[in-house]
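**Q** Next come a sequence and a model predicted from it.
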Amino acid sequence: MTTAIVIIAIIVIIIALIAGVMAYSRRKERELDQRRDAAAAHRDEAGERERTARDAELAATEQSVQAERQRIEAEVQADRAQQERAAAERQADDARRIDPDMDDPRAADAEHSTASRRAD
């Protein structure tokens with residue numbers, strides 16, 4: 001009988017050890033799963049941040065290109081304005097050459113109003 005109790009005690013201890021090892025293994029597996037999930041979440045977050053950074057970089061590049069386009073357009077407009085001023089100056093020079101009295105703005109206005117009355 002004593003032998004049977006010892007054998008049963010050994011079997012119970014072995015079963016307890018096996019149950020303990022299995023519980024430990026399950027706990028380690030859960031911890032490993034949690035770490036994997038956390039790592040996946042970090043990878044997802046890093047991927048999202050990378051996409052956001054890439055989108056911001058593309059937006060900045062687009063704004064830079066648009067600003068450069070506007071700068072070039074402003075230069076073109078400035079060149080046009082300068083050409084128009086030069087043409088106006090040439091026209092004024094031609095007008096002075098044709099009628100030297102037109103240098104005086106009041107005389108030019110008077111001449112213009114007289115010419116308007118004659119046309120009526």
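**A** Here it is on my side, so go on.

**Q** helices or strands up against the helix or strand that A88 is a member of?
**A** Here A88 sits within helix 2-98, counting by DSSP states H and E. Packing partners of helix 2-98 (3 or more CB pairs under 8 Å, 6 or more residues apart in numbering; DSSP states H and E): none among the helices and strands. C-beta coordinates here come from the backbone N, C-alpha and C atoms, glycine included.

**Q** S25: neighbour count?
**A** The tally of other residues near S25 (other CB atoms under 10 Å) stands at 10.

**Q** do A74 as well
**A** Taking other CB under 10 Å as the criterion, the count of residues near A74 is 10.

**Q** ok so, going back, kindly provide the whole-number mean pLDDT of the helix holding A88.
**A** Taken as a whole, helix 2-98 has a mean pLDDT of 95.

**Q** chain center to it, what's the gap?
**A** Distance of helix 2-98 from the chain centroid (CA atoms, centre = their mean, to the nearest Å) equals 12 Å.

**Q** where does R106 land on pLDDT?
**A** 51.

**Q** try the one 4 residues further on
**A** pLDDT recorded at A110 is 52.

**Q** What of the one 5 residues further on?
**A** For A115, the model assigns a pLDDT of 48.

**Q** same question, the one 3 residues further on
**A** In this model, R118 is scored at 49, pLDDT.

**Q** Around A95, how many other residues sit close by?
**A** 13.

**Q** And for the one 5 residues further on?
**A** Other residues lying near P100 total 9 when counted by other CB under 10 Å.

**Q** Quick one: neighbours of I13, just the number.
**A** 10.

**Q** Next one: it from R27, what distance?
**A** For I13, the distance to R27 (CB to CB, to the nearest Å) stands at 21 Å.
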